[in-house]
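1. one predicted model, sequence on top.
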Amino acid sequence: MRWVDITTDAWGLMGNLVVPIRIKSAPKWRPYGAAGLGVIQAWTNEPGRQQDDLGFNLGGGVMFSPGSRVGLRADLRYFRALADEDKPDGVYFNDYGFWRAALGITFGFPR
């Protein structure tokens, strides 16, 4: 039996709605919820195997702003792609999902 190693990569393009949750007793901490809709493209290292799927994400995070111009952000989201099960040359033949955790720096431009 011969095993084939198939590498799968993906990228996504989504529009997101971010809803802040205001906490008056903690003005430097801003939790938020987020939801998005767009496309996820997956492909493999085998020629001709790629697919574009409708995708969405749900999650949230928190932003910490010690000053008016720079802040920190932590985000956790669940992504789901709705695969076309009738496509014979695709990568995945069922819906698939994954979690993404992100940390970052935010820059603000006060008025």
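-> In hand now; what should we look at?
2. tell me, how many residues neighbour Val91?
-> Residues near Val91, counting by other C-beta atoms under 10 Å, number 21. No exception for glycine: its C-beta is placed from N, CA and C like everyone else's.
3. name the SS class of it, please.
-> Three-state call for Val91 (DSSP: H, G, I helix; E, B strand; the rest coil): coil.
4. ok, Gln51 next?
-> Quick answer, by three-state DSSP: Gln51 is strand.
5. quick one: the strands in the chain?
-> Applying DSSP state E to the chain gives strands spanning 8-20, 29-44, 50-64, 70-82, 96-107.
6. pipe those strands into JSON lines and attach mean pLDDT and mean neighbour count per row.
-> What follows is the strands of the chain, written out as JSON lines (pLDDT from 0 to 100; neighbours: other C-beta atoms under 10 Å):
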{"stretch": "strand 8-20", "mean pLDDT": "92", "mean neighbour count": "12"}
{"stretch": "strand 29-44", "mean pLDDT": "93", "mean neighbour count": "16"}
{"stretch": "strand 50-64", "mean pLDDT": "93", "mean neighbour count": "18"}
{"stretch": "strand 70-82", "mean pLDDT": "95", "mean neighbour count": "16"}
{"stretch": "strand 96-107", "mean pLDDT": "92", "mean neighbour count": "11"}
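7. what's opposite Gly33 in the beta bridge?
-> With DSSP bridges as the criterion, Gly33 is bridged to Val19, Gly60.
8. equivalent analysis for the one 4 residues further on, please.
-> In this structure, Leu37 has beta-bridge partners Gly15, Phe56, where bridges are defined by DSSP bridges.
9. against Leu17, how distant is it?
-> 9 Å (C-beta to C-beta, to the nearest Å).
10. same deal with Arg111?
-> Relative to Leu17, and taking C-beta to C-beta, Arg111 is found at 23 Å.
11. and what of Ile40?
-> Separation of Ile40 from Leu17 (C-beta to C-beta): 18 Å.
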